[in-house]
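> Any chance you could fold what I've pasted below:
(chains A, B, C and D)
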Protein chains: 4
Amino acid sequence: MNDPQRVAVVGATGYAGFELAQLLLRHPKIQKPIFYLRESSAQVKCLTEIFPRLRGWGEAPCSAFSVDAVAASGAGTVFLATPHEASLELVPQLLNAGLRIVDLSGAFRFRDPETFAQWYKLPAPPRELAEEAVYGLPELYAGQLPGARLVANPGCYPTSVILGLRPLVESGWIARERGIVCDCKSGASGAGKELKRELHFVEVDENLRAYSLFSHRHTPEVTDHTGIGGNDIIFTTHLLPVSRGILSTLYVWLAEPHTAADIEALFRQFFAGHPMVRIWPAGKLPELQHVAYTNFCDIGFALDAGGRRLAVVSCLDNLGKGAAGQAVQNMNAMLGIEEATGLR
Amino acid sequence: MNDPQRVAVVGATGYAGFELAQLLLRHPKIQKPIFYLRESSAQVKCLTEIFPRLRGWGEAPCSAFSVDAVAASGAGTVFLATPHEASLELVPQLLNAGLRIVDLSGAFRFRDPETFAQWYKLPAPPRELAEEAVYGLPELYAGQLPGARLVANPGCYPTSVILGLRPLVESGWIARERGIVCDCKSGASGAGKELKRELHFVEVDENLRAYSLFSHRHTPEVTDHTGIGGNDIIFTTHLLPVSRGILSTLYVWLAEPHTAADIEALFRQFFAGHPMVRIWPAGKLPELQHVAYTNFCDIGFALDAGGRRLAVVSCLDNLGKGAAGQAVQNMNAMLGIEEATGLR
Amino acid sequence: MNDPQRVAVVGATGYAGFELAQLLLRHPKIQKPIFYLRESSAQVKCLTEIFPRLRGWGEAPCSAFSVDAVAASGAGTVFLATPHEASLELVPQLLNAGLRIVDLSGAFRFRDPETFAQWYKLPAPPRELAEEAVYGLPELYAGQLPGARLVANPGCYPTSVILGLRPLVESGWIARERGIVCDCKSGASGAGKELKRELHFVEVDENLRAYSLFSHRHTPEVTDHTGIGGNDIIFTTHLLPVSRGILSTLYVWLAEPHTAADIEALFRQFFAGHPMVRIWPAGKLPELQHVAYTNFCDIGFALDAGGRRLAVVSCLDNLGKGAAGQAVQNMNAMLGIEEATGLR
Amino acid sequence: MNDPQRVAVVGATGYAGFELAQLLLRHPKIQKPIFYLRESSAQVKCLTEIFPRLRGWGEAPCSAFSVDAVAASGAGTVFLATPHEASLELVPQLLNAGLRIVDLSGAFRFRDPETFAQWYKLPAPPRELAEEAVYGLPELYAGQLPGARLVANPGCYPTSVILGLRPLVESGWIARERGIVCDCKSGASGAGKELKRELHFVEVDENLRAYSLFSHRHTPEVTDHTGIGGNDIIFTTHLLPVSRGILSTLYVWLAEPHTAADIEALFRQFFAGHPMVRIWPAGKLPELQHVAYTNFCDIGFALDAGGRRLAVVSCLDNLGKGAAGQAVQNMNAMLGIEEATGLR
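Purely as a prediction, here's the structure:
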């Protein structure tokens, strides 16, 4: 039986992987992580060869990945910072080898495996694993995380949208028949490190563009976890000329007038005891810079004078609470470590 | 009687004023403009002293402003790139002196002068002038521009929103009872040249923030010219880390399903004969970079598979079609010059 | 015999090519240009398919490239916005077909063809063509441009450096034995449109890096046209987080003390009659924003109190005076059109 | 006698002050810091009121500043993140009250008090304090820090320049008669939080400008601590469109040829045992992103094939090693805490 507080990371070469490496190298309650690289990077011996900015932080040893190597390493918990296809293939093998998994890909985020197949144009994951996987949004599903074998780390956009909407949906205050609009904006690191024309500096700089309207893969996460049917919600995404951060502006119409104090109290009660969500006082709004390089999701709102038109602003760092930070938060919860450890 | 094609500009020291100066200095159908500066800049003799990048463009002579000086200059048309308060005061005097005016401030944008007073916390303009002023959106009000004495140049946000929504409102296809959401994003030049903490480079760079929610002064322009009542529309504004450009994402729910071809045809018919609005083919969306340094308003859209959820993207350069370019377009229309002259 | 004022462009799909297309489409003294595309873009019928922001500018017809097609088109002058290898191959063929050429590549920039072969790791061009080609810096070689068959458009960095240093070198005031340092900074469009990790938005944003130190291909242009031997000059390049513009800070030590008035007069005299170089008054320095979207090279300087340490700042838009604008300026000179036509 | 590990901060409202607050709030070896605010901020009770992004980090209590309040607080060490004038006045008073001081202003950086008076146009500090103050560059003056009463924290530019040049100067390898050129580039936070036209977002974005040539206040720090006379060094500064970071490119000519291995070894030996300076292997160069949000100074170099032209690239975060990080490093050294504590 491997040690759960001994941690392995598979595939730490992307932006989220780098962030994860930084967090785990500094984490006070786990042992030094071991990094496993795939394919072309497999000859790398230390993560500083890929990320020179890690020099001087201490050792970050790398090995070529194989399931056997991870299993033999003594690690009990493994992070998969791998493409969807790779996670689909590796999760069953690593579970069989007795490891607990936090998977940062989309492969196990949906209870219905066909949802994944349809939106990602890839084979469906095994149904029993899709059903076993915990959707790793600790503010909503904290109870399911301790002892979980497989946690599917949420998408960056859905984290911001679901945390901003869920208290309102549960309150019953929303005029659902009017529909909800989620206008989301993200920095470029959210699109990954792959080389694409539309991510070239000259194409992003001094620009803003909407993309993947009505077709973004994060859509079913939003509908699954807000409980708002797909025809009553519009979820859109825009690419900002910044490196990191997501700001989602969420529009709801209230069935009856409420006061700003009502709204603030609703959010504060919902997230009481959850240190990684910060509620802003009525009349103040969070900004991208407030959450950059943190694991916080900041939520503020503006209400019209009539008390029925409501705009909620939900902000996070797409590499923090939107990816690597949340993965560490999930690991903490799985292992019984205080939720915010290593994240402040 | 002064020559209408002889043009004066009052207050060309801000970002929109500079843009206006560039456009007028290159305009092929008018005489060289004369620039009148107020207060602290009044000793400047040539605009290159304020804007060194104009050097080598030819002369741009400046004089100290007074109503008499403008009237005596021979100019028949005057642009006011002045603060709201100054325009309030100067418009009656310059009209009395026989000049025709394009006013870039907000002072005469509302038929009801109390609307201005309420939203801008300033005295109301004279009612007869507020009623006489033409709202200078040439794609909607072309017929009123020739011969007009006073044109109120629209706000940058309203231009993008009204052009994007008006065809849909007039079509009767919208499920108005569900409401409309306008999520607008602007570059920092739209906030003007004034020194404010929130416009310091470090505060804008790598940031995004929503501001003035439910209180932005451009709100009543949007409701007046879309015809959507204030309780059924949400209009929000965000500050982007770019210098110029506005992108508005406009959300409407259709009462009955339509096809993308329907929507595209609706927009194309509405703007037929209006060269400064470019409609994008279904499935393609305009971006900020497409309109930067132009006078175009680009409009595209995405429709969901069910044909009832619609997102319209409307883009323009806030200093071009959102301010100085539109002012020149209005001048062209006032003077009987072809609409796009000097704007391509 | 084809018409020289009928112009063809080969390969207008990169950033400089797009800029060239914009300039030529607006140029008042030539006929509408014809665009020839190579390989994968060869089925494109109009340049707006590649560059949607050109929509509404009028037609920009494209054809598949072949030497015969260009020769049969009636065009007498052709711009090559092609890779070095392609220009090497096409220049002899197009000259044989009777065309006059402005080549934006590096292939014919060096009198000694071996210089090209050595620095670009490509075959040398034919010696007689290398010797015939005019180095297209109109401020230095205006006399050789009218009637030239082949003009090699200079590199962006060398244009800024040579214009900033040449007056000083010719003055004899420099303490050459101390050496000259050229610290140059460029926006990302100068590195081209190719997909490279180091041009991904996230890698350039909020960053600055020096690159190609002592190995940049533009080095021999600098030494050839300043006359400073390679061991006495250091030329370095840095990548800025901006899209366009080059600012070169050039350091020289003067053998004897001079006044700022001396230096300013030297530059003014040297560039008298050259409208595309703007000399700044002593004590004022040009900035990137002053030259963005122009064909100007702006030159300013600072001199220490002792009159012997001198820093010259030379700025241009790498796509303007550093590429496409200068190519048009060269065409103007070749065809006897006033130098600045179409460039203001 | 107050407790040296109990720390007070005066004036934490600027960018460096905020950075300092973050570092001290997380520092594992000192007690929670107390913040003292001056003038208009004096009614603030918690630093989160000024810096909302600190919410959720724990308490950061603020008090109105007075010398007596600080002295009575129990704090033994005080950071002054105050303007030069304020430090001039406060340092003698706080020393008299028995406190040890790290001063982030320029007031006590020069052994000769007249140097300060001349370059800063302010009164000279008391000579005995100017002479007592330790210039807080721990890599050079580590021996003087333990037990020091007054440490003058260096300027951001000088830190990068001095660390990059000092090994070469001491080696004797430089051809000093040829002079040294230091071309430095900084992000906008280095210019402080004050509202100035030239720091408005629109003025910095997509721009680069050289400023304060031959007159920058950091000049005498560079000459004092490199030992290169003012006529033999050119030190220039440029404003980058980034928020944080300094990259200095330093040019020296070697008297005799050396190999890259020689140069690398020289730097490695010089900085052996100094964990906050990272030497890059020959052929690799540090970039701004490598040091952002760290206390590292990264140094790399490029040598020409002849072994005599050398460009050294020295990078740091102007708010980290260039200000607040270095201040904490100095505090660590003063108090006998391991140098890098709280800085990784």
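
> Please identify the residues of the stretch 201-344 of chain A in proximity to chain C?
Contact residues (CB under 8 Å from any CB of the partner chain) of the stretch 201-344 of chain A with chain C: A:201-206, A:241-243. Placement of C-beta: from N, CA and C, glycine included.

> tally of neighbours for residue A:173?
21 (other CB atoms under 10 Å in any protein chain shown).

> Disregarding residues adjacent in the polypeptide, which is nearest to it?
Excluding its sequence neighbours, the residue lying closest to residue A:173 (CB to CB, 6 or more residues apart in numbering or on different chains) is residue A:254, at 5.2 Å.

> what does residue A:75 give?
Leaving aside its chain neighbours, residue A:75 sits nearest to residue A:8 (3.9 Å; criterion: CB to CB, 6+ apart).

> before we move on, what about residue A:305?
Spatial nearest neighbour of residue A:305, excluding adjacent residues (CB to CB, 6+ apart): residue B:214 at 7.0 Å.

> so that neighbour, which of the three states?
coil (DSSP: H, G, I helix; E, B strand; the rest coil).

> What are the neighbouring residues in contact with it?
A:302-305, A:309, A:311, B:234 (CB atoms under 8 Å, 6 or more residues apart in numbering or on different chains).

> Kindly report the same for residue A:224.
Residue A:224 makes contact with A:110-111, A:115, A:135, according to CB under 8 Å, 6+ apart.

> Compare the residues you listed and tell me which has the most neighbours.
That'd be residue A:110 among the contacts of residue A:224, by other CB under 10 Å, with 24 neighbours.

> before we move on, which element is it in?
Secondary structure assignment for residue A:110, by DSSP states H and E: no helix or strand.

> Over to the one 5 residues further on?
Secondary structure assignment for residue A:115, by DSSP H and E: helix A:113-120.

> what's the answer for residue A:148, then?
Assigned by DSSP H and E, residue A:148 falls within no helix or strand.

> Distance check, it against residue D:169.
Counting by CB to CB, to the nearest Å, the gap from residue A:148 to residue D:169 is 60 Å.

> now residue A:52
Distance, residue A:52 to residue D:169, using CB to CB: 27 Å.

> now swap in residue A:119 and tell me
Taking CB to CB as the measure, residue A:119 falls 62 Å from residue D:169.

> ok, which stretches of the stretch 1-150 of chain A are strands?
Along the stretch 1-150 of chain A, counting by DSSP state E, counting those that start in this stretch, strands occupy A:3-10, A:34-37, A:62-64, A:75-80, A:100-103, A:134-135, A:150-152.

> Report the rounded mean pLDDT for the helix holding residue A:115.
The predicted model gives helix A:113-120 an average pLDDT of 98.

> Could you do stretch A:300-311 as well?
What stretch A:300-311 shows for mean pLDDT is 98.

> Let's see the distance spanning it from one end to the other.
Stretch A:300-311 has an end-to-end distance of 9 Å (criterion: CA to CA, to the nearest Å).

> buried sites along it?
The neighbour-count criterion (16 or more other CB atoms under 10 Å in any protein chain shown) identifies A:300-304, A:308-311 as the buried residues of stretch A:300-311.

> Now tell me what touches it from outside.
Contacts to stretch A:300-311, defined as CB under 8 Å, 6+ apart, come from residues A:168, A:175, A:249-254, A:256-260, A:263-264, A:267, A:279-286, A:312-313, B:179, B:210, B:213-214, B:231, B:234, B:236.

> Show me how far it is from its chain's centre.
27 Å (CA atoms, centre = their mean, to the nearest Å).

> Next: stretch A:333-344.
Computed by CA atoms, centre = their mean, the chain-centroid distance of stretch A:333-344 equals 16 Å.

> where does the residue in the stretch 151-300 of chain A that chain D sits nearest to fall, phi/psi-wise?
Nearest to chain D in the stretch 151-300 of chain A, going by CB to the nearest CB, is residue A:290, at a distance of 4.3 Å. Torsion angles at residue A:290 (phi, psi; degrees, to the nearest 10) stand at phi -70, psi -30.

> For it, which non-adjacent residue is spatially closest?
residue D:53 (4.3 Å).

> how does chain A divide into domains?
What automatic domain parsing lists as the domains of chain A is A:3-154+A:322-335, A:157-318.

> between those, which one is nearest to residue B:317?
For the domains of chain A, the distance to residue B:317 is smallest for domain A:157-318, at 11.0 Å, taking CB to CB.

> ok, residue A:111 touching residue A:132?
No - at 9.7 Å, residue A:111 does not count as touching residue A:132 under the criterion of CB atoms under 8 Å.
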